[in-house]
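Enquirer: build me a model:
(2 chains)
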Amino acid sequence: MYLDFNRYATCVRTACLALMISVCGHTKTSLAQSGGSPVSWQVLGDISARYLHATYEPSTLSLGPIDLWFQGQLSENWSAMGELMIMRDPSGGPDSGHYMLHPARLFVDYKHSRSLEWRFGQLHNPIGYYALLYPHGGKIFEPTIHRPKLAGVNEGEDILPFHMVGMTARGVLALSDSFELMYIAGGGNGYGHGGDDRNQAKATFLQLRALPLDFDGLSIGISGYYDIIDKDEVVGDIHQAIFAASVHYDLFPIDFLAEGFLMRNASERGLALNPSAPSQSASIARPTDGKQPTKRLIGGYAQLSHMWEHHALYGMFESFTRDGGDYLFDEHTPYEDYMGLEVGHRYHFNQSLVLKSGYSYVWTDALHRFDLQLAYQL
Amino acid sequence: MHTRFTHYMTLAIITLFMTLSAPVTANNPSPFQIAVSPKLKIETLKTSELSKVFSGRRSNWNNSTPVQLILLPTGSPEMRWLCDQLKVPEHLLRRFIFQRVYRAQLRKPIEVSTASEAIQVLANTPGAIAPLRVNEALIQSLKASGASPELNLIKLTP
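Expert: Residues are numbered from 1 along each chain as shown, chains lettered A, B, ... in the order given. You can find the predicted model right below:
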């Protein structure tokens, strides 16, 4: 079944603009009457320079996506947040290379209590933790220059389906004096960069994070995601299951995050949800019956950053392997086996300007790379 | 011999300086305090909890009221004192706070330009918290403005 992305994009943009106008149309007075506050705006972005020790790609300067972030408190319990990205279209289609407006996040939030909060709109799926910690265009907040490949969110580079239109329930439950549990549960359109999912079955997900209060800054989480996908070239459905586990420690001056992922695509639910079921190699990538073969991706990354006043040193290591010839993986990453390392330095001029310099090496490509990135927040 | 004499003199100067400065500290308790909304029935707060609140790791009070941070101008004595308490540079504290706001984990802080303004916001915003310098000048300025908001100062405990 053909997904009409242009139509979807037009609809979403129209909805974005309508919401923006609606939210921004509130004057200070009307918001004060409704118990709200004026809309807050921030612009985030980056300018980068790269040198690749290779002849097939040039060294270049590049302008990163510009992130227009806004938030408004509509009443004591209701708020809205949006994040519109002005970015180059990387899809490879006829508009590739042109700048486009992409709604990365756009949702309305109802906070009933600390233990229950509802969100409706375009959100990031709680697959793992990276996309929740570093949602999209906030380069100034990301410890490294490059996101881990497994946490990629730009269209065409997002191996995992981080975007969805749907709803979530989330909250923090105090289970004892020394232990809290954070949860996020919900459903929405899955595959298709959050767009329209013409399959009646919607993606569902759950994330649980343990927060030991005696160990300030530490959280340990697991998450699961399940979706049923239609694709024109596949007979029947594609069942997709993604499992993730993560450890996060964030207490100044240390920031550590390690995550592992297991993704399975199969023609049946049982094959997708069973982590130990065997997967099929690339040699039988396109079965004669046209059904989705059972394919697997497994991998993870770890990153560590340590700060001293205005300086920080960071490092990140990532590795994953996947079965070749998969209908879904092949669209999003050329790598079947990937191993990469990035180390670097950050200099925080102030709260609004960070200069990152980094060296990275990808074993798969035997490629050395040097980057400079100036990330800002206005 | 000369080096040894220099060491003795240095020690003597340091001892004299410490002797002179100690009574000044003891007799002048810090005017800086943490104030919260009078609607929050809180009397004490651990320093570790203060760190969680101001770094956005805790976004609700125990009664589920959302935390609403009030920030005074960058480099103000109140913010410098707060950052000393939290042992974090101010530019990083502000970065942490906005990072949590950006993640939709925390409400955007209310930026005020004076302590009097902070007190007005504290009075009208449930869940609000702010560092304040409570001195004679502040009390006089509140009296002069005719406002008499209730001030809920809390005690920081280790």
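Enquirer: for chain A, what are the nearby residues on chain B?
Expert: Counting by CB under 8 Å from any CB of the partner chain, chain B comes close to chain A at B:48, B:51-52, B:55, B:57, B:59-60, B:64, B:66, B:87-89, B:91-92, B:94-96, B:98-99, B:101-104, B:107-108. To be clear about C-beta, it is placed using only N, CA and C from the backbone, and glycine gets the same treatment.
Enquirer: in helices, which of the residues you listed fall?
Expert: B:Ser48, B:Ser51, B:Lys52, B:His91, B:Leu92, B:Arg94, B:Arg95, B:Phe96, B:Phe98, B:Gln99, B:Val101, B:Tyr102 (DSSP state H).
Enquirer: are any of those buried, and which?
Expert: B:Ser51, B:Lys52, B:His91, B:Leu92, B:Arg94, B:Arg95, B:Phe96, B:Phe98, B:Gln99, B:Val101, B:Tyr102 (16 or more other CB atoms under 10 Å in any protein chain shown).
Enquirer: format those as CSV; extra columns: pLDDT.
Expert: Output for these, formatted as CSV (pLDDT from 0 to 100):
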residue, pLDDT
B:Ser51, 88
B:Lys52, 86
B:His91, 89
B:Leu92, 87
B:Arg94, 90
B:Arg95, 88
B:Phe96, 87
B:Phe98, 89
B:Gln99, 88
B:Val101, 88
B:Tyr102, 89
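Enquirer: where do the helices sit along chain B?
Expert: Counting by DSSP H, the helices of chain B are B:2-27, B:47-54, B:77-86, B:90-102, B:115-124, B:136-145.
Enquirer: can you check chain A too?
Expert: A:5-24, A:28-34, A:130-133, A:269-273, A:329-332.
Enquirer: and the ones you listed, which one is worst for confidence?
Expert: Ranked by mean pLDDT, the helices of chain A end with helix A:28-34 at the bottom, a mean of 40.
Enquirer: neighbouring contacts of stretch A:263-278?
Expert: A:159-160, A:226, A:228, A:236-243, A:262, A:279, A:291-298, A:322, A:326-329 (CB atoms under 8 Å, 6 or more residues apart in numbering or on different chains).
Enquirer: in strands, which of these appear?
Expert: Applying DSSP state E to those, the entries found in strands are A:226, A:228, A:238-243, A:262, A:295-298, A:322.
Enquirer: whichever of these end up buried, select them in PyMOL.
Expert: Buried subset of the ones in strands among the contacts of stretch A:263-278, written as a PyMOL selection, criterion 16+ other CB under 10 Å:
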select buried, chain A and resi 226+228+238+239+240+241+242+243+295+296+297+298+322
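Enquirer: and which of the ones in strands among the contacts of stretch A:263-278 is nearest A:Leu68?
Expert: The closest of these to A:Leu68 turns out to be A:Ile242 (CB to CB; 29.5 Å).
Enquirer: how far away is the closest one from B:Gln68?
Expert: 36 Å (CB to CB, to the nearest Å).
Enquirer: got it, and A:Lys291?
Expert: 54 Å.
Enquirer: between those two, tell me which one has more neighbours.
Expert: Set A:Lys291 next to B:Gln68 and count neighbours by other CB atoms under 10 Å in any protein chain shown: B:Gln68 wins out with 23 against 16.
Enquirer: next up, the contacts around that one.
Expert: So B:Gln68 contacts B:Ser37, B:Arg107, B:Pro109, B:Ile110, B:Thr125, B:Pro126, B:Gly127, B:Ala128, B:Ile129 (CB under 8 Å, 6+ apart).
Enquirer: thought the fifth one was touching B:Ser37?
Expert: Yes. When contacts are counted by CB atoms under 8 Å, B:Thr125 is listed as touching B:Ser37 (6.0 Å).
Enquirer: comparing these two, which residue is more hemmed in?
Expert: Neighbours were counted for B:Thr125 and for B:Ser37 using other CB under 10 Å; B:Ser37 has more, 23 against 19.
Enquirer: burial measure for residue 127, as a count.
Expert: In the absence of a named chain, chain A is used. With other CB under 10 Å as criterion, A:Ile127 counts 26.
Enquirer: um, chain B though
Expert: With other CB under 10 Å as criterion, B:Gly127 counts 20.
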